[in-house]
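Participant: here's a sequence, model it:
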Amino acid sequence: MYNRIFILSASVGNGHVTAAESLRKAFEIKGLAQEVRHEDVLAFTNPIFRRLYRNAYLDLVNHIPEALGWMYDQLDEPWKMEKRRLFFDKLNAQPLIEMVREYQPDWIICTHFLPSEIVSDQKAKKKLDRPQAIVVTDFDMHSLWLCRNYEQYFVAIDETRAYLETLGFPPEKSCVTGIPIDPIFSEPKSKSEMRQKYGLDPDLPTLILSLGGFGVGRIDTLLGPLRTVKRPMQVLAMCGRNEALKKKLEAENSPGATIKIIPVGYTKQMDEYMSAADLIVGKPGGLTTCEALAKGLVFVVVNPIPGQEERNSDHLLENGVALRSNNPATLGYKIETLLNNPEKVAAMRNNALAFARPHAAFDIADKLASLANAV
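Facilitator: Residues are numbered from 1 along each chain as shown. Predicted coordinates for the structure are as follows:
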């Protein structure tokens, strides 16, 4: 058993923080450490840096996604601008560096590249001697994730591990585990029981409509095309903390409509809603995608963020677990065509379950436990 596990994330989007919390839960459930601490590293940077780091990303996603995609591709070159990035990061993250030195954990686990490259630099300069594990939270691995000083990489798929090997990274220092999701998604739950719990029709095809934890994109722009579907269907519209949208959708609901829209506010029971569903329509962020796969959902990709979500989408399509709607106007047509082919839906569901790694958080915790005497 370890004394201290220190997990570092960054609140740029929900995924990195969610992955970190999933790992924290896995260590605690397994009883593999006396203390498991998770910190958002942006809380230990100066306010201007923190605001820029968070807001610049969200502003690009919401207003100029093409620019974000261009930047993603331009920076995806191993070690490009490494020294410049490190200088800027360390200049704004000195409290983080001091905190890590003082805490002296048995392992540092990073679910974002910002803390991992800072820890790597401190290890290179012999100012920190704690082992570091890096958990990549997308299927593909952008070059920003590359570190020179680490003990273990955890990646989502075999192709990413192969990419590391082409760069000369030792194969024994990378492990394919999948992306860590909350352990609750590994618990089987009855579809019929979950539909009954949430007042859903037990016999209707059920679709989850979700566009991400930060409200990127607009659910209401997709409901028009969905309402063109001629066969009865129920849609769980995940509104998050957008109460205005939830009330608007509740007011628009017509009792006799073919498509029943069920607005859902902020919830911590996403695993139960996914257990009740057949399909999910949304953006293929790493964590949302892995949660959906764990529940055997067929993914209908819409509005992927250029860059990492485009690449996640490619892997879903390659593995036969998704279809992509490039034109919102034809979203209803594509979904109705799919639902009219139950054999295809069943095959895609089986592909999703085969591609899923619902125990990733536990597998990472177990692997690090096995390395207790190796570092």
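
Participant: so who does the one residue sitting closest to the centre of the chain touch?
Facilitator: Centroid-nearest residue in the chain: residue 287, 2.0 Å away (criterion: CA atoms, centre = their mean). Contact analysis of residue 287 by CB atoms under 8 Å, 6 or more residues apart in numbering lists 14, 15, 18, 19, 137, 179, 181. All C-beta spots, glycine's among them, are computed from the backbone N, C-alpha and C.

Participant: ok, the residues you listed vs residue 322, which is closest?
Facilitator: The closest of the contacts of residue 287 to residue 322 turns out to be residue 179 (CB to CB; 16.0 Å).

Participant: which SSE is that closest one in?
Facilitator: Per DSSP states H and E: residue 179 is located in neither a helix nor a strand.

Participant: ok, it touching residue 290?
Facilitator: Yes: here residue 179 reaches residue 290: they are 4.7 Å apart, a contact under CB atoms under 8 Å.

Participant: overlap in contacts, those two.
Facilitator: Common neighbours of residue 179 and residue 290 (criterion: CB under 8 Å, 6+ apart): 156, 357, 360.

Participant: and the residue lying closest to the last one once chain neighbours are set aside, how many neighbours does it have?
Facilitator: Nearest residue to residue 360, sequence neighbours excluded (CB to CB, 6 or more residues apart in numbering): residue 178, at 3.6 Å. By the other CB atoms under 10 Å criterion, the neighbourhood of residue 178 contains 23 residues.

Participant: any idea how far residue 35 is from the residue nearest to the centre of the chain?
Facilitator: Residue 287 sits 25 Å away from residue 35, going by CB to CB, to the nearest Å.

Participant: with residue 206 instead?
Facilitator: 41 Å.

Participant: so for the two, which sits in the more crowded spot?
Facilitator: Higher neighbour count among residue 206 and residue 35: residue 206, with 25 against 14, using other CB under 10 Å.

Participant: just read off the phi/psi values of residue 237.
Facilitator: Per-residue torsions, residue 237: phi -90, psi 110 (degrees, to the nearest 10).

Participant: contacts only, for it.
Facilitator: 209, 219, 223, 249, 261, 262, 263, 264.

Participant: just to revisit the earlier point, between the contacts of residue 287, which sits nearest residue 51?
Facilitator: Nearest member of the contacts of residue 287 to residue 51, counting by CB to CB, is residue 14, at 17.9 Å.

Participant: pLDDT score assigned to that closest one?
Facilitator: Here, the pLDDT recorded for residue 14 equals 84.

Participant: can you pick out the most distant pair from the contacts of residue 287?
Facilitator: Of all pairs drawn from these, the greatest distance, 12.8 Å, lies between 14 and 179 (CB to CB).

Participant: more neighbours, these two?
Facilitator: residue 179 (30 against 14).

Participant: can you tell me how far the more buried one is from residue 268?
Facilitator: Taken as CB to CB, the span from residue 179 to residue 268 is 19 Å.

Participant: now do residue 95
Facilitator: According to CB to CB, residue 95 and residue 268 sit 31 Å apart.

Participant: also residue 77?
Facilitator: 40 Å.

Participant: now residue 350
Facilitator: 29 Å.

Participant: so for the two, which sits in the more crowded spot?
Facilitator: residue 350 (13 against 8).

Participant: list the contacts for the more buried one?
Facilitator: Neighbours of residue 350 in contact, by CB under 8 Å, 6+ apart: residue 296.

Participant: is it true that it lies in a helix?
Facilitator: Yes: judged by DSSP: H, G, I helix; E, B strand; the rest coil, residue 350 forms part of a helix.

Participant: could you pull out the strands for the protein?
Facilitator: Along the chain, the segments classed as strands by DSSP state E run 2-9, 33-40, 107-110, 132-135, 152-155, 174-176, 206-210, 233-240, 259-265, 279-282, 298-301, 322-324.

Participant: so where is the stretch 151-300 of the chain shaky, pLDDT-wise?
Facilitator: 211-218, 220 (pLDDT under 70).

Participant: do that again at 50, thanks
Facilitator: Along the stretch 151-300 of the chain, the parts satisfying pLDDT under 50 run over 213-217.

Participant: and the closest residue in space to residue 106 that isn't next to it in sequence, how far from residue 83?
Facilitator: Distances taken as CB to CB, 6+ apart place residue 2 nearest to residue 106, at 4.1 Å, with adjacent residues excluded. Distance from residue 2 to residue 83, counting by CB to CB: 33 Å.

Participant: which of the two has more residues huddled nearby?
Facilitator: Neighbour tally, residue 2 and residue 83, criterion other CB under 10 Å: the higher count belongs to residue 2, 17 against 9.

Participant: give me the number of residues near residue 306?
Facilitator: With other CB under 10 Å as criterion, residue 306 counts 19.

Participant: contact partners for the closest residue to residue 46 other than its chain neighbours?
Facilitator: Distances taken as CB to CB, 6+ apart put residue 92 closest to residue 46, at 5.4 Å, once the chain neighbours are dropped. By CB under 8 Å, 6+ apart, the residues touching residue 92 are 45, 46, 48, 49.
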